[in-house]
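Novice: Please work out how this folds:
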Amino acid sequence: MEILNYAFMQRALLAAVLVGITAPAIGIYLVQRRQALMGDGIGHVAMTGVGLGFLLTWSPVWMATLVSVLGAVLMELIRWYGKTRGDIALAMLFYGGMAGGVMFINLAPGGSNANLTSYLFGSLSTVSESDVTAICLLAAFVVLVTVGLRRQLFAVSQDEEFARVTGLPVRALNLLTAVTAAVTVTVAMRVVGLLLVSALMVVPVAAAQQLTRSFAATFAISVALGVSVTIGGTVTSYYQDVPPGATIVLLTIGAFILLSLLAAPLARRRARALAAAQPAADPAECKIPATRGAADEVGV
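Specialist: Numbers count the residues shown, from 1 in each chain. The predicted model follows:
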């Protein structure tokens, strides 16, 4: 394939595959926790990290990771201890992060808002070898957490009180989820962009839920869908010269709409099959009450 003859496209496709795996992998827990927009908030905070990276002439990816993790921890602290004004504190954190990114990158030597655009909306040609190395290391961390601790994270996402009663370290797991989401945002920002990464964390999960309610099946389908749309969006972006982040998100939304249309007839077919498989109940007047001996046989 012609597309694989270019080193920058090889790096972009590798990054796209890793983003397609990691974003839905952590997104499934955020959707279960009803924190679907957490990735969007972390993306705003990560902008400050990108700006600081340019200002301090350090890797924007690693600096964005550091700032995003600190922002995610602060968000969790606000969620735990914040009272009626917690939402305002989060709003200031989100928009302060965006303002900080714009300010720092303009203070950087030779910096301008044009430097920030590739991080906001993704860019194929700017994915460097050092970016790929950082993305691979961060993606490995995300996969290790989301797969290795899937039972514990699922329990906490479903019911924190029940998880606490069973002895799970709820606060530590919540904090780990937030940190993993922050890492995922920085993994995805070079391909999808900071402002669009939240869609790739949420929409594939929502699309998979149209077909199944099983956690394992939802996880597998959402990751497969994430990889498909990131590769498809990256290839389309190369051939059609369109923004990769916007292309990937639009493909993801299109997949959601398609699966939603397919889900309704499938659900009706399953319901009819289930109804047909159930034996007809005896009329009430013909039912024979169970004797005590029969009850003893079934363990009552």
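Novice: what's the offset of stretch 188-206 from the middle of its chain?
Specialist: With CA atoms, centre = their mean, to the nearest Å as the basis, stretch 188-206 stands 7 Å off its chain's centre.
Novice: I'd like the numbering to begin with 27 instead of 1 from here.
Specialist: Sure thing, new numbering starts at 27, so read that last one as stretch 214-232.
Novice: Any regions of the stretch 177-326 of the chain where pLDDT drops low?
Specialist: Counting by pLDDT under 70, the ranges of the stretch 177-326 of the chain that qualify are 293, 296-297, 305-326.
Novice: give me that answer again for 90
Specialist: Where the stretch 177-326 of the chain drops to pLDDT under 90, the residues are 183-189, 193, 197, 212-224, 236-240, 264, 267-271, 286-326.
Novice: Which stretches in it count as helices?
Specialist: 186-191, 196-214, 223-235, 241-266, 270-303, 318-323 (DSSP state H, counting those that start in this stretch).
Novice: go on, the stretch 27-176 of the chain?
Specialist: Using DSSP H, counting those that start in this stretch, helices in the stretch 27-176 of the chain cover 33-58, 64-81, 86-107, 112-133, 139-147, 155-174, 176-184.
Novice: and the angle from the fourth one to helix 64-81?
Specialist: Spelled out, that is helix 112-133. Interaxial angle of helix 112-133 relative to helix 64-81 (axes from the mean of the first three to the mean of the last three CA atoms, to 10 degrees): 30 degrees.
Novice: now helix 112-133: how far from the chain's centre is it?
Specialist: 22 Å.
Novice: what do you get for the first one?
Specialist: Shown here is helix 33-58, whose average C-alpha point lies 9 Å from the average C-alpha point of the whole chain (CA atoms, centre = their mean).
Novice: again, but for the third one
Specialist: Its chain's C-alpha centre lies 16 Å from the corresponding centre of helix 86-107 when counted by CA atoms, centre = their mean.
Novice: Pull out the buried positions in it.
Specialist: Neighbour-count burial for helix 86-107 flags 86-95, 97-98, 101-102, 104 (criterion: 16 or more other CB atoms under 10 Å). Placement of C-beta: from N, CA and C, glycine included.
Novice: before we move on, back to that, now, of the helices of the stretch 27-176 of the chain, which is deepest in the fold?
Specialist: Stretch with highest mean neighbour count among the helices of the stretch 27-176 of the chain: helix 64-81 (a mean of 26; mean count of other CB atoms under 10 Å).
Novice: Let me know the average pLDDT across that helix.
Specialist: Across helix 64-81, the average pLDDT comes to 89.
Novice: Tell me the helices and strands packed up against that helix.
Specialist: Counting contacts by 3 or more CB pairs under 8 Å, 6 or more residues apart in numbering; DSSP states H and E, helix 64-81 is packed against helix 33-58, helix 86-107, helix 112-133, helix 139-147, helix 196-214, helix 223-235.
Novice: can you redo those helices as TSV with distance to Ser156?
Specialist: Below are the helices and strands packed on helix 64-81 laid out as TSV (distance: least, CB to CB, whole Å):
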stretch	distance to Ser156
helix 33-58	10
helix 86-107	8
helix 112-133	19
helix 139-147	15
helix 196-214	13
helix 223-235	20
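Novice: Out of those helices, point me to the one whose mean pLDDT is lowest.
Specialist: Among the helices and strands packed on helix 64-81, helix 139-147 scores lowest, with a mean of 76.
Novice: Might you report the residue contacts of Gly148?
Specialist: By CB atoms under 8 Å, 6 or more residues apart in numbering, Gly148 lies in contact with Met215, Arg216, Val217, Val218, Gly219, Leu222, Pro269, Pro270, Gly271, Ile274.
Novice: and which of the residues you listed is nearest to Leu146?
Specialist: Nearest to Leu146 among the contacts of Gly148, counting by CB to CB, is Gly219 at 5.2 Å.
Novice: residues contacting the closest one?
Specialist: Here Gly219 is in contact with Ser144, Tyr145, Leu146, Phe147, Gly148, Gly271 (criterion: CB under 8 Å, 6+ apart).
Novice: swap the cut-off to 10 Å and go again
Specialist: 69, 143-149, 225-226, 269-272, 274-275 (CB atoms under 10 Å, 6 or more residues apart in numbering).
Novice: now swap in Thr172 and tell me
Specialist: Counting by CB under 10 Å, 6+ apart, Thr172 has contacts 47-48, 50-55, 179, 203, 206, 210, 245, 249.
Novice: any chance of those residues in a markdown table, with distance to Leu164 too?
Specialist: Converted to a markdown table, the contacts of Thr172 look like this (distance: CB to CB, whole Å):
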| residue | distance to Leu164 |
| --- | --- |
| Ile47 | 12 |
| Thr48 | 8 |
| Pro50 | 16 |
| Ala51 | 12 |
| Ile52 | 12 |
| Gly53 | 16 |
| Ile54 | 18 |
| Tyr55 | 17 |
| Leu179 | 18 |
| Thr203 | 15 |
| Thr206 | 10 |
| Thr210 | 8 |
| Phe245 | 20 |
| Val249 | 17 |
